[in-house]
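Colleague: Sequence unavailable; structure follows:
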Ligand SMILES: Nc1ncnc2c1ncn2[C@@H]1O[C@H](COP(=O)(O)OP(=O)(O)OP(=O)(O)O)[C@@H](O)[C@H]1O
Ligand SMILES: [Mg+2]
């Protein structure tokens, strides 16, 4: 069953230079009980997507089109009040830089209990009991409920943020870069705890990261975003082992630890300006396999041989292009 279906979502920001099209037709599903990794480089629209689903966007942003069907209801058709009733109870959010989102002047336990009282309607005593239960679940010692945030390590703060998100037993959790600020060993530990809870509680998760190795480690499916668009999606196994979009091939090449070493090859160049994005393929400027026709027509996100979806007009040649993409020289511009 599909818990959330993101359909052709468009999100725009008003800026002094014009309208920035931060999300430009994102489409993907989150199946029940699965982790969907959303990956892409900085500025591709991941946080904007997350905030649109949560319905917490800055005043300068608005959804310009599409649907967000959550358990049969389009979230975009709900009143602010109806949406607020789902937030945290049914859809919870671990915001980017959640590590800094705890208030420094209050004890962590007090902050968690407050959420349970305010958003969950619990009385103070049950809230403290539930806070202890949550701490236990995320692998924190309950005595640390009495600490202030500055007494926590980065990993502990991230665990507390996970506890906060899980407080009201949501169906869907959106985690925006939950382990980015942590070192690799702590990343693994926090991801293991999170994965464990996800399985145990049957949570559906959108795991947002710029790090494809986090996706490889923790997600069942992957959605690759580029310049506000979804350019490839499918099972993690298929997308990472048999990418069909050159951007996914390049992203994979940029994380050598995923494929047993080799050289790190960054994708040269920068994504297009979202105020005036190209009408055709948005990756064309950086693509080593670009042809004249790629600059003329926008490729649709369509099924490819692996069972994934990819938006590249050269996808029928992907097996051959993938071999070329494996060579560092393909990505280096002379
Ligand atoms: N409040 C805002 N006003 C105007 N433009 C914005 C605003 N927030 C984000 N943007 C722009 O929207 C685009 C997408 O930004 P977003 O933060 O969603 O990207 P991201 O994928 O989360 O990046 P990162 O990996 O750095 O967190 C970027 O071009 C960004 O500059
Ligand atoms: Mg972000």
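Modeller: Alright, I've got the coordinates. Bear in mind the structure is a predicted one, so any value in this text is a computation, not a measurement. Numbering: from 1, shown residues only. Ligands and ions are numbered 1, 2, ... in the order given.
Colleague: does residue 24 sit in a helix or strand, and which one?
Modeller: Counting by DSSP states H and E, the element that carries residue 24 is strand 18-31.
Colleague: Give me the contacts around that strand.
Modeller: For strand 18-31, the external contacting residues (C-beta atoms under 8 Å, 6 or more residues apart in numbering) are 1-13, 36, 45, 48-49, 52, 61, 64-66, 172, 204-206, 220-221, 223, 225, 227-230, 233, 274-277, 301. Where you see a C-beta, it was placed from the backbone N, CA and C, and this is true even at glycine.
Colleague: Among those residues, which ones lie close to ligand 1?
Modeller: 13, 45, 48, 274 (C-beta under 6 Å from any ligand atom).
Colleague: what's the burial count for the closest residue to the third one other than its chain neighbours?
Modeller: Meaning residue 48. The shortest distance from residue 48 to any non-neighbouring residue, by C-beta to C-beta, 6 or more residues apart in numbering, is to residue 22 (4.3 Å). Residue 22 has 22 neighbouring residues, counting by other C-beta atoms under 10 Å.
Colleague: same thing with the one 10 residues further on?
Modeller: Counted by other C-beta under 10 Å, the residues lying close to residue 32 total 14.
Colleague: Give me the three-state assignment for residue 160.
Modeller: Secondary structure assignment for residue 160 (DSSP: H, G, I helix; E, B strand; the rest coil): helix.
Colleague: Show the contacting residues for it.
Modeller: Contacts of residue 160 (C-beta under 8 Å, 6+ apart): 102, 108, 112, 135, 138, 140, 149, 152.
Colleague: again, only this time at 6 Å
Modeller: residue 108 (C-beta atoms under 6 Å, 6 or more residues apart in numbering).
Colleague: And it, how close does it get to residue 94?
Modeller: To residue 94, residue 160 is 10 Å away according to C-beta to C-beta, to the nearest Å.
Colleague: what do you get for residue 21?
Modeller: For residue 21 relative to residue 94 (C-beta to C-beta), the value is 26 Å.
Colleague: cool, and residue 294?
Modeller: Per C-beta to C-beta, residue 294 is found 37 Å from residue 94.
Colleague: how about low-confidence regions in the stretch 51-200 of the chain?
Modeller: Low-confidence segments of the stretch 51-200 of the chain (pLDDT under 70): 98-99.
Colleague: all helices for it, in order.
Modeller: 80-86, 108-120, 124-137, 154-166, 184-201 (DSSP state H, counting those that start in this stretch).
Colleague: ok, the helix or strand just after the longest one: who's next to it in the sheet?
Modeller: I take that to be helix 184-201. Reading on from helix 184-201 to the C-terminus, the next helix or strand found by DSSP H and E is strand 204-209. With DSSP bridges as the test, strand 204-209 is paired with strand 35-39 (parallel), strand 172-176 (parallel).
Colleague: roughly how far is strand 204-209 from the heart of the chain?
Modeller: 5 Å (C-alpha atoms, centre = their mean, to the nearest Å).
Colleague: So which elements touch the helix or strand following it?
Modeller: As assigned by DSSP H and E, the chain's next helix or strand after strand 204-209 is helix 212-218. Contacts defined by 3 or more C-beta pairs under 6 Å, 6 or more residues apart in numbering; DSSP states H and E place helix 212-218 against strand 35-39.
Colleague: let's go with 8 Å and repeat that
Modeller: strand 35-39, helix 184-201, strand 204-209, helix 236-241 (3 or more C-beta pairs under 8 Å, 6 or more residues apart in numbering; DSSP states H and E).
Colleague: ok, residue 153 - contacts?
Modeller: Counting by C-beta under 8 Å, 6+ apart, residue 153 touches residue 186.
Colleague: show me the contacts for whichever residue of the stretch 101-250 of the chain sits closest to ligand 1.
Modeller: Using C-beta to the nearest ligand atom, the single residue of the stretch 101-250 of the chain nearest to ligand 1 is residue 210, 4.8 Å away. Residue 210 makes contact with 39, 40, 41, 42, 46, 177, 180, according to C-beta under 8 Å, 6+ apart.
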